[in-house]
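Could you look at this predicted model? Sequence included:
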Amino acid sequence: MDKGFYHVPQATNEPVLTYGPGTPERASVQAVYDEMWNSQVDIPMVINGQPVKTGKPERVLPPHDHKHNVGSYHWGEAKHVHQAIEAALGAKEKWENMSWSNRIAIFLRIADLISDRYRDRLNAATMIGQGKTIQQAEIDSACEIIDFLRFNAMFAAQLYSEQPHTQCGSNMWNRVDYRPLEGFTYAITPFNFTAIAGNLPTSMAMMGNTVVWKPSLSQIYSAHVLMEIFEEAGLPPGVINMVITDPQETSDIVFDHPEFAGLHFTGSTTVFKNIWNTIGTNIHKYRTYPRIVGETGGKDFVVVHKSARAPQVANALTRGSFEYSGQKCSAASRAYVPESLWPEVQEIMTRQAQEIKMGSPRDFKNFLGAVIHERSLDKRESYIQAAAKDSEAEVIIGGKCDKSQGWFVEPTVIKTTDPKYVTMREELFGPVLTVYVYPDEEFEATLKLCDETSEYGLTGSIFAQDRYAVEVAENALRNAAGNFYINDKPTGSVVNQQPFGGARGSGTNDKAGSKQNLIRWVSMRSIKETFDAPTDFGYPHMKD
Ligand code: NAD
């Protein structure tokens, strides 16, 4: 039962620093980057608050310079997963009984540490390990994770304060106890957002749960820095246990455990569907029905109406498709452009593509870096090469890949005559946009096409000056996107401003960084108390 006061400071979004020439933040983050780039990190697992080193090191690979050595992580095995589960279960009773205000103070402190003392280190780890430019790192590993922590604290306070109705003077009192889930919880996080990696385990822990966290190997450097910050902020041992283990083996052990109580997942649709299947198969093994929250893939669209402004469309496509090499679940990856606007849009995009610089995030002139690993480059290259050969597709911008130093894929635009061409349907997760040019008068038919073409429903945009066109699109695409944008690129959601998530094949749409998400990590107990219990079993209608 919670003994805290449900009040935290009003959260506001963390300001995004610019890192422009001459700014103090630029000099500061560059110095920390250089120091980390020229030293060797040694990344342990963390189980029950203890660093676990296995003596089986694997190298951290900077995607933009995969031969450069910045250190390694310790590769664990099945026994470490069992230990992490035991640690989480062991820490549970004390953690869930800690007053809410003491619990939440730790997460508010984590946010402050990231905002201040650890900002450079977490940003630099994200730049080195995940290849983000400083702009992309700042909005992810500084601002978004800080926002998640502060807003979640506020949402949790609101949630706990939501109590059922009691009629005053009615001889009773109704309450709701927001219990943490019974058992341990499991967070599986993707490589592409440090903020998601931080949010998935902490949002569950904030609500009194203890967690086994399996980060992506391609995000391991910033995951390590997050664990350092958690410890410094006073997170007790066993509350969040980070394992670095084989994904399939880890999940096999977790999903076989009777105390498994909840999964917070972000990653690809295929992995999530397989996991759901496993949990379903094992359902008879669990003490309680596990909560399953998953945010997964996207095939995010931009539909352009003939009344739109071509320069705005072109710019939104360049930024929305190519920032962070298109490795955002929300990246624009298919566009429907009317014939009358296409020549101007193409001309501007071609010019912008020529101006874009690609390379190491250490060079602040670069707009994008490498894709995350060799497998990722190979996959994008195979789609691009197939498009170059297919009669219904044409590579009109970029298309080259180079793996000699880093995993670089040029910003690429494929133009297709088939609106259901494979790259209009499948998630590529790289800097590859496919454009279908449609006859101006077929706007409504094109909206229908857009709605029906892919299995996903994550993000999408309509560009139009004509308000009737906006209205038609908003209705026609109602279920095509969980985050819908009007005259803006489909990426860049901000915590507490555009709650993020999609439905259909894109996930359970529980909106990370919202009260809706936190509700999934508690199980309500209704309590009715009668102050003066009756002693007569009879009712008025029974009287003479
Ligand atoms: P991924 O599915 O390859 O990996 C995600 C996590 O799942 C990693 O920790 C990985 O180790 C783990 N995993 C992989 N195979 C597993 C298995 N068999 N059992 C258990 N765990 C397993 O995804 P990724 O490449 O890290 O991230 C990119 C994907 O994530 C894209 O599809 C993207 O759209 C999606 N994503 C979605 C959102 C969203 O909010 N909807 C946000 C970010 C990323």
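Cool, the structure landed. Predicted, not measured: the structure shown is a model, and the values here were computed from it.

CA only for contacts and neighbour counts going forward, please
OK.

Look up the closest residue to residue 62, ignoring the ones flanking it.
residue 129 (5.0 Å; C-alpha to C-alpha, 6 or more residues apart in numbering).

What number of neighbouring residues does that neighbour come out with?
With neighbours defined by other C-alpha atoms under 10 Å, the count for residue 129 comes to 25.

Next, the contact list for it, please.
Each residue near residue 129 by C-alpha atoms under 8 Å, 6 or more residues apart in numbering is listed here: 60-63, 218-222.

Make TSV out of those and add neighbour count.
Below are the contacts of residue 129 laid out as TSV (neighbours: other C-alpha atoms under 10 Å):
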residue	neighbour count
60	25
61	26
62	27
63	27
218	19
219	25
220	26
221	29
222	28
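
Using the record's assignment, carve this structure into domains.
For the chain, automatic domain parsing gives the domain ranges 24-57+71-164+171-296+507-528, 300-486.

need the residues of the stretch 301-450 of the chain near the ligand, please.
With C-alpha under 6 Å from any ligand atom as the criterion, the stretch 301-450 of the chain meets the ligand at residues residue 329.

all helices of the stretch 301-450 of the chain, in order?
310-322, 342-355, 374-389, 422-425, 443-453 (DSSP state H, counting those that start in this stretch).

Just put those in JSON lines and tack on mean neighbour count.
Supplementary listing: the helices of the stretch 301-450 of the chain in JSON lines, determined by neighbours: other C-alpha under 10 Å:
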{"stretch": "helix 310-322", "mean neighbour count": "23"}
{"stretch": "helix 342-355", "mean neighbour count": "16"}
{"stretch": "helix 374-389", "mean neighbour count": "16"}
{"stretch": "helix 422-425", "mean neighbour count": "22"}
{"stretch": "helix 443-453", "mean neighbour count": "18"}
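
Residue 57 contacts residue 45, doesn't it?
No. Contact between residue 57 and residue 45 fails when scored by C-alpha atoms under 8 Å: they sit 11.5 Å apart.

between those two, which one's more packed in?
Ranked by neighbour count (other C-alpha under 10 Å), residue 57 and residue 45 place residue 45 first, with 25 against 16.

backbone phi and psi for that one, please?
phi -70, psi 160 (degrees, to the nearest 10).

same deal with residue 285?
phi -80, psi -20.

and it, how many neighbours does it have?
If we define neighbours as other C-alpha under 10 Å, then residue 285 has 16 of them.

measure it to residue 261 for me?
11 Å (C-alpha to C-alpha, to the nearest Å).

what about residue 208, which helix or strand?
Assigned by DSSP states H and E, residue 208 falls within no helix or strand.

Look at the most centrally placed residue in the chain and give its secondary structure.
With distances taken as C-alpha atoms, centre = their mean, residue 196 lies nearest the centre of the chain, 4.1 Å away. What DSSP: H, G, I helix; E, B strand; the rest coil gives for residue 196 is helix.

for it, what are its contacts?
Here residue 196 is in contact with 145, 189-190, 266 (criterion: C-alpha under 8 Å, 6+ apart).

what about 7 Å?
residue 189 (C-alpha atoms under 7 Å, 6 or more residues apart in numbering).

where along the stretch 51-200 of the chain do the helices fall?
78-97, 100-115, 119-130, 134-137, 145-161, 194-206.

So which of those is nearest the ligand?
Closest to the ligand of these is helix 194-206 (C-alpha to the nearest ligand atom; 7.2 Å).

pLDDT averaged over the helix or strand just after the closest one, what's the number?
Sequence-wise, the next helix or strand downstream of helix 194-206 (DSSP H and E) is strand 211-214. Average pLDDT, strand 211-214: 99.

Can you spell out which helices and strands pack onto strand 211-214?
Applying 3 or more C-alpha pairs under 7 Å, 6 or more residues apart in numbering; DSSP states H and E, we find strand 211-214 packed against helix 78-97, strand 184-188, helix 194-206, strand 240-242.

Now look at the longest one and say if it contacts the ligand.
No. Interface with the ligand: helix 78-97 contributes nothing (C-alpha under 6 Å from any ligand atom), its closest point being 12.7 Å away.
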